[in-house]
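**Q** my questions concern the predicted model and sequence given below.
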Amino acid sequence: GHGPVPLLGVDDVAALWTDSAAPDAQVDALTGAGVEVVTVERGAGVGVVQRDVDRLSHRGPCIQLDDPDDVGVGLEHGGDSLDDQLVIVDHGDPQGATCRGAHALTIAAVTDCVAELLPYYASVHRGAGYASRVSTARYEQARDTVGRFVGAAPDQCVIFTRNTTDSLNLLAGCVPGDTVVLDIEHHANLLAWRGGRRVVPAAATLDLTIKRLVAELCSRPAALLAVTGASNVTGELLPLRRLADIAHACGARILVDGAQLVPHRRVDLAATGIDYLAFSGHKTYAPFGAGVLVGRQDWLDAAAPYLAGGGAVRSVTATDTEWTTGPQRHEAGSPNVLGAAALAAACEALCDLDTEAHEQALSEQLRSGLRGIDGVHVLRIWPDTTDPVGIVTFTVDGYHPGQVAAYLSAEHGIGVRDGRFCAHPLLARLGADSAVRASVGLGTTSEHVERLVGAIAALVAAGPRWCYEQRGGHWDPTPETRPFTHADRGSAACA
């Protein structure tokens, strides 16, 4: 099989297998080594081994993975449901089903694409060899695929970057004037705009907030309105068609930070009038390290290249450089061919699926479940927004958000985010020093949501079963024995 994968979420669980055959050899080896095997679901191909069983009486519960769906990742089933069509690849994190906003686990179509391309992995645009020709073709095909996925207009180009932050910083060097932003934005969309950044405080309602944007755009010329498509804290959506019309009427263009929008809702740039869109692969069911900026080419061609180097030039002498135009102008150096192809494969997979109803049902289940628990407060920016994406941020009276996140991980095998989510001004507006964020997506099931809500209800009713303390800015069970805490393991392996 895949060999043992550390299950980092539960202290008393040592290893997990996901394999179609019963792991008899592994079980025999562990038994021979004196490790007691407490749960083996051979028919489902799941084995869980537990260490130091005597500690369970005073260290807390152990998750019993009687149902392979409890693993949350890596188990392939037959059938035609949404979850069946998108197999989530096992990378050893069974907790990610409720943390899709931070990173979405890779889907099988993406890993298949990467595996297919790896034997032909070569530099692009620079070789006549077969591998180079294949890689070049796949790289440019990925550009076309991403453009079609977001409905790019004929005058818009696709530039591959590292992530959304990289895309926004690239565009910031091309904007010929002031940029107007709201104070509810992710830091990437607050901090990137060098020079004339004008921050508009959000009002008590979305409608009043839009009126403030109109007033600011009309007060003096601005080149760009930069807004989030979906809040990374609350999941609330902005009316992008309306905002695009407002920006254009005021002589500005519009940029949408689509990091939290594109994985959950279809975006059509031509239909909505959006001039620029940025998003990341790692939130769109592809690996880390690839993102895109899609947008109108004239500003991009007129600006200095984002990076100076090979691939961005037409000719170079000792005293002069003629830069190229188009996407390559801002893609100097050897590009991330595999990342671009992987992101395109994810876009193709999402094109064929209607995920909105699936995620809306889970989102409503999560929000209503948490609101039904005394002492739990679900954060929201405005009362007049509807149909948010599946991002739910909340606080629990009497508990630090970091402790809540540690409790969910250690005692229930549930992964969430805690902190201020790179949106410090927004958290301050909402009256929270920090909070807990859960997020759903492909691979998340109603059972995952039910387990999360039940775990929070149990915390409020009876408190945690383990002890926790804050160390180095993080909350951990005490004593902490999970293997990721051994900082010297990596250095020892490399010595």
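**A** Good, I have the coordinates.
**Q** right, and the helix or strand after the longest helix seen in the chain?
**A** Determined from DSSP state H, the single longest helix within the chain is helix 130-149. Sequence order places strand 156-161 as the next helix or strand after helix 130-149, per DSSP states H and E.
**Q** so what does that next one touch, helix or strand wise?
**A** Secondary-structure packing of strand 156-161 (3 or more CB pairs under 8 Å, 6 or more residues apart in numbering; DSSP states H and E): helix 130-149, helix 164-172, strand 291-296, helix 297-302, helix 337-351. Every C-beta, even on glycine, is put in place using the N, C-alpha and C of the backbone.
**Q** run through who's touching that strand.
**A** Contact partners of strand 156-161, identified using CB atoms under 8 Å, 6 or more residues apart in numbering, comprise 142-144, 146-147, 152, 167, 170, 269, 275, 278, 290-297, 300, 326-327, 330-331, 335-336, 339-340, 343.
**Q** repeat that for 7 Å
**A** Strand 156-161 has contacts (CB atoms under 7 Å, 6 or more residues apart in numbering) with 143, 146-147, 152, 167, 170, 269, 290-297, 300, 326-327, 330-331, 335-336, 340.
**Q** repeat for stretch 378-391
**A** In contact with stretch 378-391 (CB under 7 Å, 6+ apart) are residues 101, 184, 202, 205-207, 230-237, 260-261, 264-265, 359-360, 362-363, 367, 370-371, 392-394, 430, 432, 435, 437, 439-441.
**Q** can you say which of those are buried?
**A** When these are checked for burial by 16 or more other CB atoms under 10 Å, the buried set is 101, 184, 202, 206, 230-237, 260-261, 264-265, 359-360, 362-363, 367, 370, 392-394, 430, 432, 435, 437, 439-441.
**Q** looking at stretch 221-228 now, give me its mean pLDDT.
**A** Averaging pLDDT along stretch 221-228 yields 97.
**Q** next, the buried residues of it.
**A** In terms of neighbour count (16+ other CB under 10 Å), stretch 221-228 has its buried residues at 222, 223, 224, 225, 226, 227, 228.
**Q** can I get it in PDB, CA atoms only?
**A** Extracted C-alpha coordinates of stretch 221-228, given in PDB (Å, rounded to 0.1, in the frame of the first residue of the first chain):
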ATOM      1  CA  PRO A 221      -9.900  60.200 -10.300                       C
ATOM      2  CA  ALA A 222      -8.900  56.600  -9.500                       C
ATOM      3  CA  ALA A 223      -7.500  54.000 -11.900                       C
ATOM      4  CA  LEU A 224      -8.600  50.900 -10.100                       C
ATOM      5  CA  LEU A 225     -11.200  49.500  -7.700                       C
ATOM      6  CA  ALA A 226      -9.800  46.400  -6.000                       C
ATOM      7  CA  VAL A 227     -12.300  44.200  -4.100                       C
ATOM      8  CA  THR A 228     -12.600  40.700  -2.800                       C
END
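**Q** picking that back up, so which of the buried residues of stretch 221-228 are in strands?
**A** 224, 225, 226, 227, 228 (DSSP state E).
**Q** where does the nearest residue to the last one once chain neighbours are set aside fall, phi/psi-wise?
**A** So that's residue 228. In space, and not counting its chain neighbours, residue 228 is closest to residue 257: 4.7 Å by CB to CB, 6 or more residues apart in numbering. As for residue 257, its main-chain torsions (degrees, to the nearest 10) stand at phi -80, psi 100.
**Q** these two touch, right, residue 257 and residue 186?
**A** Yes. Residue 257 is within contact range of residue 186, at 6.4 Å (criterion: CB atoms under 7 Å).
**Q** more crowded one of those two?
**A** Neighbours were counted for residue 257 and for residue 186 using other CB atoms under 10 Å; residue 257 has more, 28 against 21.
**Q** in contact with the more buried one, which residues are there?
**A** Per CB under 7 Å, 6+ apart, neighbours of residue 257: 164, 168, 186, 188, 189, 228, 229, 278.
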